[in-house]
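J.: sequence? don't have it. structure:
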């Protein structure tokens, strides 16, 4: 059953970080108990005391990491997204800004190892895009871009300026 195998391997990869941290935490707890027993030993007492300090400091850090890993993941976190950018009011300058913004998203996708597939684009005469729609595919695309939305505004001297203003 390939679908079941895929689901199980996905679930295993999702819980793997929690399992490894839990094993590390259990090892620290065992080491703390062993060192407490060795505190009375005349030869290893000092060494056990120093190691016990380190282990006691490690314990709360691991507890916090495990708590963070136990937070439920968004069920859509691994999904792909369609990114739509449209020039609003502002004419050619707005289209140039959409082009700049899309290049920024492309660079972000490249840095994250995602694939980008252009679905639709309408180029502007002055450069940039009146509208562009792209499919972003990869690991955790939705979880990293789910809050990207709304209106963006740029205010600058446009590249289309003919008056010579700087």
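T.: Okay, I see it. Quantities reported herein were computed from a predicted structural model and do not represent experimental measurements. Residues are numbered from 1 along each chain as shown.
J.: measure the spatially most central residue of the chain to residue 73 for me?
T.: Residue closest to the average C-alpha location in the chain (C-alpha atoms, centre = their mean): residue 144, at 5.1 Å. Look at residue 144 and residue 73: by C-beta to C-beta, to the nearest Å, they are 13 Å apart. Just so you know, the C-beta spots here come from the backbone N, C-alpha and C atoms, and that holds for glycine as well.
J.: got it, and residue 36?
T.: 37 Å.
J.: Equivalent analysis for residue 31, please.
T.: For residue 31, the distance to residue 73 - C-beta to C-beta - is 31 Å.
J.: Where does pLDDT dip in this structure?
T.: 156-160, 162, 164-166 (pLDDT under 70).
J.: quick one, strands of it?
T.: 81-86, 115-123, 129-137 (DSSP state E).
J.: Would you mark the buried spots in the first one?
T.: If you call a residue buried by 16 or more other C-beta atoms under 10 Å, then strand 81-86 has these buried ones: 81, 83, 85.
J.: Equivalent analysis for the second one, please.
T.: Residues residue 116 are the ones in strand 115-123 that count as buried (16+ other C-beta under 10 Å).
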